[in-house]
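A.B. asks: how would this look folded up:
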Amino acid sequence: MIKRFAVRSLLPLLLLWAGWLYADGEVTSSSPVAIVANENVSVDNLSLQELRRIFLADKQYWPDRTRIILLVQAPNAYERQVVLDRIYEMNENEYKRYWVAKMFRAEVPSGPKIVFSTNMARELVSSLKGAITFIRADAVQGHGKILSIDQKLPGDPGYPLM
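C.D. replies: This next block holds a predicted model:
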């Protein structure tokens, strides 16, 4: 019983660590980063503060009580750096420590799901009810729906995820 609990408790940490180890090489871009949710999510606009609460897992359910599934690009992705800077307001090491502590304190059932490519993010956000991710705006290609942030879409003046 204790062994099973230990394995279940450590599995999310191991998966999170695997995401850090097997990240793709560094990518650079100047495209704005779009916040993309599953088509069934009942929200079309979030404030930057609400978005931050979602990505910090302080808010874990959509208004219709669907669990939020957070899909996060692997380290070194341009989009991840933008999200770390503008949403999390953390560097990579602070981000890692944050999620390890959050899981250790059992504040979340698991950490964010690591996606290793834009294609993987697009496919998962399209197929997982409640999913939310971030993708370069020029790469969304009709997968999921782009959420506006403070009533602004990628490309609008003042959009916060550039």
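A.B. asks: only C-alpha atoms from now on, for both contacts and neighbour counts.
C.D. replies: Will do.
A.B. asks: next SSE after the helix-or-strand element of the chain with minimal mean pLDDT?
C.D. replies: Counting by mean pLDDT, DSSP states H and E, the chain has its least confident helix or strand at helix 2-21, which shows a mean of 46. As assigned by DSSP states H and E, the chain's next helix or strand after helix 2-21 is strand 33-37.
A.B. asks: that following strand pairs with which strands, and in what direction?
C.D. replies: strand 131-136 (antiparallel), strand 145-149 (antiparallel) (DSSP bridges).
A.B. asks: restrict that strand to CA atoms and write it as CSV.
C.D. replies: Presented in CSV, the C-alpha positions along strand 33-37 are these (Å, rounded to 0.1, in the frame of the first residue of the first chain):
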residue,chain,number,x,y,z
VAL,A,33,1.7,33.9,-28.2
ALA,A,34,-1.9,32.9,-28.4
ILE,A,35,-3.8,31.3,-25.5
VAL,A,36,-5.8,28.5,-27.0
ALA,A,37,-8.5,26.5,-25.3
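A.B. asks: check the offset of it from the chain's centre.
C.D. replies: 9 Å (C-alpha atoms, centre = their mean, to the nearest Å).
A.B. asks: the helix or strand that comes right after that strand - what's its average pLDDT?
C.D. replies: Later in the chain than strand 33-37, the nearest helix or strand by DSSP H and E is strand 45-46. The pLDDT scores in strand 45-46 average 98.
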